[in-house]
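Novice: Could you look at this predicted model? Sequence included:
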Amino acid sequence: MIVLGIGDVIGRPGRDAVRAVLPALRKERAIDVVVVNAENSAGGLGTTPETADDLLDLGADVLTGGNHTWKHREYGPYLESHARALRPLNYPEAPGRGVGVFATRDGRPFAVVNLIGRTFMEPTENPFRAVERALGEIGDKARVIIVDMHAEASSEKRAMGWHLDGRVSVVWGTHTHVPTADEEILPAGTAYLGDIGMTGPYGSVIGLDPVHAVKKFVTSRPTAYKIAETNVQVRAVLIDIDDATGKARTIERLTLRP
């Protein structure tokens, strides 16, 4: 099974980049599953039903979220009614779900788990405990298991990779908007990447217009939240997974320019 993960999509520039590259890429690389982190797809902060529908229409099979999932209150009911849109599992008493079992277009099962970290983040349930609950829910329904660990600290994401090595197919990180170069297959067969990076304008400060972002750091005062528009790129990760065992064969970082 060929799985593509697309990192944090930033507003319209990110969605337009996915629109430009995904259809051809899916065909060219014979991709079976596309998982997109959508938590910044609406104006750079949060997700709306409209941006979620847009990404699903563009070819995403499953959407994941993060700490900005709750920015737009109308997304809560959407999460309740759309199984292919996930939110971090370890938010207590939140709408929607953080784990799901799905099928490829030719009927092969796969599971996705969405977690959020706690280091330098808001307090939530322990993701290491929550993921055990998710694995119990998946059970023998799917051998291929994909984990999106939305977290700030590279150490917490790395620890999750080792914690799940041999029990899931891939652990990739999202949230920082900065791609890492630490892709590997861990000893027991789990593919790992610390952070996919963002899909959006790299002529920016993690997606924001540099003028406004720099002003905020210089003055320590709030400034306009304006998405940049230049040097738009799609950052993604491609994993080849053995359907029978759920073990990863290869992992490859992708940088695509529309």
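Specialist: Okay, I see it.

Novice: For stretch 76-94, buried residues please.
Specialist: With burial defined by 16 or more other C-beta atoms under 10 Å, the residues of stretch 76-94 counted as buried are 78, 79, 82, 85, 86, 87, 88, 89, 90, 91, 94. No exception for glycine: its C-beta is placed from N, CA and C like everyone else's.

Novice: helix, strand or coil for the first one?
Specialist: This points to residue 78. Look at residue 78: counting by DSSP: H, G, I helix; E, B strand; the rest coil, its state is helix.

Novice: thought it was touching residue 52?
Specialist: Yes: Residue 78 is within contact range of residue 52, at 6.2 Å (criterion: C-beta atoms under 8 Å).

Novice: so what sits against both of those two?
Specialist: residue 85 (C-beta atoms under 8 Å, 6 or more residues apart in numbering).

Novice: Check the separation of the first and last residues in stretch 98-108.
Specialist: Taking C-alpha to C-alpha, to the nearest Å, the span from the opening residue of stretch 98-108 to its closing residue is 20 Å.

Novice: Go ahead and name everything in contact with it.
Specialist: 1, 32-33, 61-62, 83-84, 86-91, 109-115, 130, 134, 137-138, 141-142, 144, 243.

Novice: what's the distance between residue 90 and residue 124?
Specialist: Residue 90 is 5 Å from residue 124, where distance means C-beta to C-beta, to the nearest Å.

Novice: joint contacts of those two?
Specialist: Joint contacts of residue 90 and residue 124 (C-beta under 8 Å, 6+ apart) are residue 116.

Novice: where exactly do the helices run in the stretch 1-150 of the chain?
Specialist: Here the stretch 1-150 of the chain has its helices, by DSSP state H, counting those that start in this stretch, at 11-28, 49-57, 75-81, 127-138.

Novice: distance between stretch 81-99 and the chain's centre?
Specialist: How far stretch 81-99 lies from its chain's middle: 14 Å, per C-alpha atoms, centre = their mean, to the nearest Å.

Novice: Just the mean pLDDT for that stretch, thanks.
Specialist: For stretch 81-99, mean pLDDT rounds to 97.

Novice: Equivalent analysis for stretch 234-248, please.
Specialist: 98.

Novice: same thing with stretch 103-113?
Specialist: Stretch 103-113 comes out at a mean pLDDT of 97.

Novice: go on, stretch 132-152?
Specialist: The average of the pLDDT scores along stretch 132-152 is 98.

Novice: Output it as CSV, restricted to C-alpha atoms.
Specialist: Below are the C-alpha coordinates for stretch 132-152, written out as CSV (Å, rounded to 0.1, in the frame of the first residue of the first chain):
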residue,chain,number,x,y,z
GLU,A,132,-3.1,2.3,23.4
ARG,A,133,-6.8,2.8,23.5
ALA,A,134,-6.8,3.5,19.7
LEU,A,135,-4.8,0.4,19.0
GLY,A,136,-7.3,-1.6,21.0
GLU,A,137,-10.2,-0.1,19.0
ILE,A,138,-8.5,-0.9,15.7
GLY,A,139,-7.7,-4.5,16.8
ASP,A,140,-7.5,-6.8,13.8
LYS,A,141,-9.6,-4.5,11.5
ALA,A,142,-6.4,-3.2,9.8
ARG,A,143,-2.8,-4.1,9.5
VAL,A,144,-1.8,-0.7,8.0
ILE,A,145,-1.9,1.9,10.7
ILE,A,146,-0.9,5.6,10.2
VAL,A,147,-0.3,7.9,13.1
ASP,A,148,-0.2,11.7,12.7
MET,A,149,1.5,13.1,15.9
HIS,A,150,0.8,16.8,16.0
ALA,A,151,3.4,18.1,18.4
GLU,A,152,5.9,20.9,19.1
